[in-house]
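Colleague: Below: sequence and its predicted model.
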Amino acid sequence: MGIKEYLKRKAVDDYRKGQLSIGKAAETADVSVSEFYKILEGIPVKIDAGLLKDSLE
């Protein structure tokens, strides 16, 4: 496993444990947030209702 794959797996694991936000996990994995969503396929995504509301205003 190369370093890029390791960083992606670590970011997914830390995200799943609630240790990283989606943005920080994407940054750790060195991918965009939209690409990280693709990496998370099959893993429940946590959505912060407050942040979502703020982003829609």
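Modeller: Happy to help now that I have it.
Colleague: Ile47 versus the most centrally placed residue in the chain, what's the distance?
Modeller: Taking CA atoms, centre = their mean, the centroid of the chain lies closest to Ile22, which sits 3.3 Å from it. Note on Ile22: its distance to Ile47, by CB to CB, to the nearest Å, is 9 Å. For glycine as for every other residue, the C-beta is placed from the backbone atoms N, C-alpha and C.
Colleague: try Met1
Modeller: Relative to Ile47, Met1 is positioned 30 Å away (CB to CB).
Colleague: mind listing what Arg16 touches?
Modeller: Arg16 makes contact with Ile43 under the criterion CB atoms under 8 Å, 6 or more residues apart in numbering.
Colleague: For it, give me the pLDDT.
Modeller: Looking at Arg16, its pLDDT reads 90.
Colleague: neighbours around Tyr15, how many?
Modeller: Each residue near Tyr15 was counted by other CB atoms under 10 Å, and the total is 23.
Colleague: Quick check: closest non-adjacent residue to it.
Modeller: Ala25 (4.0 Å; CB to CB, 6 or more residues apart in numbering).
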